[in-house]
Each structure stands twice: as structure tokens, then as C-alpha cells.
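Colleague: Sequence isn't available, so here's the structure alone:
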């Protein structure tokens, strides 16, 4: 089965992907990240929303060469300067193309959990937080299958500034 989700720590924690263009990236099984804001219908003049609160980025992968490095970073409290997640899809070209990119800076690992299965697989679940995030999404044209111009979103979490486009 083809893997379509990857994450890289830019030579700080090499994974084992052999997919062309994603060599040394970590092949991930899934991920999630959310942002929420307190909301109230009873405060002030009616419906209101408080400051956004970024959640932790969670992702899971098969244990690989990056796993022990990631564990070392949580134990020492060191930050990864930059982490990038990419999602790929079939577009009609010879190889899948990246349509979703999430680039994070100032990343701290906050939780690492290893899990083993009776089939002999070991997976690692990782949680992390970060200071800035840029999301880039390329919509796919329904007629041609080609990816369009990127729509971007930037958020400097400590500064509280965001710029969608």
C-alpha cells in the first residue's frame, strides 16, 4: 500500500522512507491537530469567541530510525527548529503530488508512546507543540486533475498574529 503522509525533521531525525522525493522522511499512518476558542452565548452582548487555543499536533508512525531521536528530544527538552508534514494524492501525473503542507517552527515533543501488536509491529505515537505554523493547500481541478495555486495560512502563536490568504 502506498504511503501518502510524511513528516520530516530536516536532518535532525531521519526516517526510513524510500519513496522518491521523500527519502529519509518518516512515513506516518495518520495525524491530527486542532484549534479551538472558548465560546459563549451568555457573556457580554451575546455570542462571543475568546482567544484561539492551539491543540497538540498528534501523529503516529511505525517505529523507525527517527524514533529514538524523538524520544531523546522529549527527555532533554530540546526543540526541533523546523518540522514539515506533507500529504500527497494522485493527480494523473506519474507520481503522487503534494497537495497539503504544514510547516511548523519551534517544535517541542510533549508526549511519546510506543505500542506493540501481536503481529510484531511497533508503532510510536507522538505529540508536539510549536510556536509558528504555515499551512499550504493546493486545490485539485475536477476536470484536469491538476493542482491549483496554493492557499496559505500563517499563524505566529506567541504573537497572536495570523494571515490567511
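Modeller: Perfect, I can see it now. Keep in mind that this is a model prediction, so the values were computed, not measured. Residues are numbered from 1 along each chain as shown.
Colleague: Which secondary structure element is home to the residue nearest to the spatial centre of the chain?
Modeller: Note on the chain: the residue nearest the mean C-alpha position is residue 85, at 4.3 Å, using CA atoms, centre = their mean. Element membership for residue 85 (DSSP states H and E) is strand 79-89.
Colleague: The helix or strand following that strand pairs with which strands?
Modeller: Later in the chain than strand 79-89, the nearest helix or strand by DSSP H and E is strand 97-116. Here strand 97-116 is paired, per DSSP bridges, with strand 79-89 (antiparallel), strand 122-129 (antiparallel), strand 132-137 (antiparallel).
Colleague: Which one of these lies nearest to residue 159?
Modeller: Nearest of those to residue 159, taken as CB to CB: strand 132-137 at 8.7 Å. Just so you know, the C-beta spots here come from the backbone N, C-alpha and C atoms, and that holds for glycine as well.
Colleague: avg pLDDT for the strand holding residue 85?
Modeller: Here strand 79-89 scores 97 as its mean pLDDT.
Colleague: Show me what counts as buried in it.
Modeller: By 16 or more other CB atoms under 10 Å, the buried positions in strand 79-89 come out as 79-80, 82-88.
Colleague: Tell me the one of those nearest residue 130?
Modeller: For the buried residues of strand 79-89, the nearest to residue 130 is residue 83 (7.2 Å; CB to CB).
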